[in-house]
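J.: Fold the stuff below for me.
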Amino acid sequence: MMIRAAVLLSAAMALPLSAEGIPVFDETLGFEISGLALDGGLLVNNAGQGFFCDVDDSEKATHLVLRSCIPFLGPLAAAALNDSSSADGPLEAGFVAGLETLPEPAFTPAIVDAFTEMGCVIDFNGGEDAFIAEVAHQLARSTGYTGPVTDVSFEAVKHLSEPAADAMVEQGRIVLDRDAMTATFTECQ
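T.: A predicted model of the protein is given here:
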């Protein structure tokens, strides 16, 4: 029960990504064993991501140790990972594929960090590109992605983060001044 609670609490947390943009098992986020594979491996959920893990179960073992956990990828994420249209294509495509699996609330911390980094008041007279780029960089930082943040990431972040930003406006956490073309984060310190 305690492990299940830890997994549920951490479901909105993003797993770190490998250099290739593949989710990496992170036991600090909690995990839940969801099944037994025919070859003796375990099916494990970690922060909402499914993994297949080998198990060290030697005869003298007093406990089981998960080792070499590899993620399950859907067809889109696998295709994105294998996309080699450019030198950075697979890396960035994996980052975007990972973002696409996140629930709406997972974007809120990046929006908060972007507001804080940009001085808590965003002037949209010149457009929203600088703000969206900062949100993208905050998401890259928080997920451990170290590759390029190009137009591909930018467009995905723009689309994916919009519902979280709208929710923050509805909650009064962001106040829009349409006349001045500004947005203010009310919780800024």
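
J.: tell me what the lengthiest helix in the chain is packed against?
T.: The residue-count maximum for a helix in the chain (DSSP state H) belongs to helix 151-170. Where contact means 3 or more CB pairs under 8 Å, 6 or more residues apart in numbering; DSSP states H and E, helix 151-170 is packed against helix 89-100, helix 108-117, helix 129-143, strand 174-177. (Each C-beta comes from the backbone N, C-alpha and C, glycine too.)

J.: Output those in JSON lines; the columns should cover distance to residue 27.
T.: Formatted as JSON lines, the helices and strands packed on helix 151-170 follow (distance: least, CB to CB, whole Å):
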{"stretch": "helix 89-100", "distance to residue 27": "19"}
{"stretch": "helix 108-117", "distance to residue 27": "21"}
{"stretch": "helix 129-143", "distance to residue 27": "17"}
{"stretch": "strand 174-177", "distance to residue 27": "35"}
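
J.: Most tightly packed of those?
T.: Neighbour counts (mean count of other CB atoms under 10 Å) averaged over each of those peak at helix 89-100, with a mean of 22.

J.: Report the distance from that one to the chain centre.
T.: 10 Å (CA atoms, centre = their mean, to the nearest Å).

J.: Using PDB, list the CA coordinates for that helix.
T.: Only the C-alpha atoms of helix 89-100 are listed here, as PDB (Å, rounded to 0.1, in the frame of the first residue of the first chain):
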ATOM      1  CA  GLY A  89      16.400  14.100 -34.500                       C
ATOM      2  CA  PRO A  90      16.300  11.000 -32.300                       C
ATOM      3  CA  LEU A  91      17.300  12.900 -29.200                       C
ATOM      4  CA  GLU A  92      14.800  15.700 -29.600                       C
ATOM      5  CA  ALA A  93      12.100  13.400 -30.800                       C
ATOM      6  CA  GLY A  94      12.400  11.300 -27.700                       C
ATOM      7  CA  PHE A  95      12.200  14.500 -25.500                       C
ATOM      8  CA  VAL A  96       9.000  15.600 -27.300                       C
ATOM      9  CA  ALA A  97       7.500  12.000 -27.100                       C
ATOM     10  CA  GLY A  98       8.200  12.000 -23.400                       C
ATOM     11  CA  LEU A  99       6.500  15.400 -23.000                       C
ATOM     12  CA  GLU A 100       3.500  14.100 -24.900                       C
END
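
J.: Just want the angle from it to helix 129-143.
T.: Here helix 89-100 runs at an angle of 90 degrees relative to helix 129-143 (axes from the mean of the first three to the mean of the last three CA atoms, to 10 degrees).

J.: Tell me how this protein divides into domains.
T.: 2-72, 77-185 (automatic domain parsing).

J.: To residue 160, which of the helices and strands packed on helix 151-170 lies closest?
T.: helix 89-100 (5.7 Å; CB to CB).

J.: and the residue nearest to residue 136 when sequence neighbours are not counted, what pLDDT?
T.: Nearest residue to residue 136, sequence neighbours excluded (CB to CB, 6 or more residues apart in numbering): residue 157, at 4.2 Å. pLDDT for residue 157: 91.
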